[in-house]
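Q: Pasting the sequence and the predicted coordinates here, then a few questions.
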Amino acid sequence: MKNNSSEDFKFYNGVIIYPFLMILIIWSVFYAEVNFHWDAVVFGVYPRTFPGLIGVITSPFVHGSLSHLYNNTLPLLILGSALFYFYPKLSWKVVVLGWIGTGFLTWLIGRSSYHIGASGLIYLLTSFLFFKGILTKYFRLVAVSLIVVFVYGSTIWYLFPIEDTVSWEGHLAGFITGLILAFILKANRFKNIKRFDWEHPEYNEEDDVFMRHFDSEGNFVPESEWNRRAEEEEVEEIDYIYIYKKSSENHDKSSDDD
């Protein structure tokens, strides 16, 4: 199997530039709102109304306050960079399909109010990075999944209506969309990557010479002790078969006695 370990992931300018441009646009819109007294809330998603469909595209650029914008900036930069770095061939599909899918699902299930902010995209990225990493069964991407859960796992509570001013519908829409995309978008580039023996489904720990140097409690067993146990196991597994054969003399003698 070809070893592509040196080519698994490559840094390129888009890893930083694309998420940074998104954040720059968001901050520019907020700057225009504050300095020109422009009310951009009308560009949010307003569920189940035809004019509200415009928010499917524009709502992630609109934020209600500085704290709202600040709380979305860093996660969007980190998760966006992770997407473009670990999944360069899928990144734009995730962004485009996820953006539209999250906005449209919010339009379907949301309350009758304007839903604004990039939180839906953050939940989209969190969901996709977590589930896709698990599905690839590639240890580096599984590690990314665990990091995402460790850093952003607590945000799962905001998938539920715990605050009236928070669009939990947008969060839920992003989470569901990311989950769906993780299943339907194939990361074929990881199929031919050289994997360790323990990553294969047919791996049997008892056949691993290294793992046999540890007992069931994880204690290290010296090689001399391991060899002794192996010899004992080999001896115990020997089947003894005894064949009894009567000699012709014994057979004749028994006949004479009769």
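A: It's in.

Q: what secondary structure does Ile162 sit in?
A: Look at Ile162: counting by DSSP: H, G, I helix; E, B strand; the rest coil, its state is coil.

Q: So Phe11 lies in a strand, does it not?
A: No. Under the criterion used here (three-state DSSP), Phe11 is coil, not part of a strand.

Q: Now do it against Tyr31, distance only.
A: For Phe11, the distance to Tyr31 equals 30 Å [Cβ to Cβ, to the nearest Å]. Backbone N, C-alpha and C define where each C-beta goes, glycine included.

Q: immediately after the helix or strand hosting Ile23, which helix or strand?
A: Per DSSP states H and E: Ile23 is located in helix 14-36. Sequence order places helix 55-58 as the next helix or strand after helix 14-36, per DSSP H and E.

Q: thinking again about what came up before, got the buried residues for the helix holding Ile23?
A: Buried residues in helix 14-36, counted by 16 or more other Cβ atoms under 10 Å: Gly14, Val15, Tyr18, Pro19, Met22, Ile23, Ile26, Val29, Phe30, Glu33.

Q: Let me know the average pLDDT across that helix.
A: What helix 14-36 shows for mean pLDDT is 95.

Q: for the strand or helix carrying Leu125, packing partners?
A: Using DSSP H and E, Leu125 sits in helix 119-136. On a contact count with 3 or more Cβ pairs under 8 Å, 6 or more residues apart in numbering; DSSP states H and E, helix 119-136 meets helix 66-86, helix 91-109, helix 139-152, helix 168-184.

Q: Just want the angle from the last one to helix 91-109.
A: Right, the one you point to is helix 168-184. 140 degrees (axes from the mean of the first three to the mean of the last three Cα atoms, to 10 degrees).

Q: Ok, the first one next?
A: Comparing the axes of helix 66-86 and helix 91-109 via the same axes, to 10 degrees yields an angle of 140 degrees.

Q: Who are the packing partners of the helix holding Ile23?
A: helix 66-86.

Q: For the helix it packs on, what is the distance to the chain centroid?
A: 17 Å (Cα atoms, centre = their mean, to the nearest Å).

Q: Next, the angle helix 14-36 makes with it.
A: Orientation check (the same axes, to 10 degrees): helix 66-86 against helix 14-36 gives 160 degrees.

Q: Now do helix 66-86 against helix 139-152, angle only.
A: With the same axes, to 10 degrees as the basis, helix 66-86 and helix 139-152 are set at 170 degrees to each other.

Q: which other helices and strands contact helix 66-86?
A: Against helix 66-86 (3+ Cβ pairs under 8 Å, 6+ apart) you get helix 14-36, helix 91-109, helix 119-136, helix 139-152.

Q: So for it, mean pLDDT?
A: The model assigns helix 66-86 a mean pLDDT of 95.

Q: can you list the residues that contact that helix?
A: By Cβ atoms under 8 Å, 6 or more residues apart in numbering, the list of residues contacting helix 66-86 from outside reads 9, 11, 14-16, 18-20, 22-23, 26-27, 30, 63, 91, 94-95, 117-119, 121-122, 125-126, 128-129, 133, 140-141, 144, 148, 152.

Q: Could you list the buried residues of that helix?
A: Of the residues in helix 66-86, those buried (16+ other Cβ under 10 Å) are 68-69, 71-73, 75-76, 78-86.

Q: Alpha carbons of it, as CSV, please.
A: The C-alpha trace of helix 66-86 is given here as CSV (Å, rounded to 0.1, in the frame of the first residue of the first chain):
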residue,chain,number,x,y,z
LEU,A,66,-20.4,43.5,19.4
SER,A,67,-20.4,40.6,21.9
HIS,A,68,-22.4,38.5,19.5
LEU,A,69,-19.9,39.2,16.7
TYR,A,70,-16.9,38.6,19.0
ASN,A,71,-18.2,35.2,20.2
ASN,A,72,-18.6,34.0,16.6
THR,A,73,-15.3,35.4,15.2
LEU,A,74,-12.7,33.1,16.8
PRO,A,75,-14.7,29.8,16.4
LEU,A,76,-15.4,30.7,12.8
LEU,A,77,-11.7,31.3,12.1
ILE,A,78,-10.5,28.1,13.9
LEU,A,79,-13.1,25.7,12.5
GLY,A,80,-13.0,27.3,9.0
SER,A,81,-9.2,26.9,8.9
ALA,A,82,-9.5,23.3,10.1
LEU,A,83,-12.0,22.6,7.3
PHE,A,84,-9.8,24.0,4.6
TYR,A,85,-6.7,22.3,6.0
PHE,A,86,-8.0,18.8,6.6
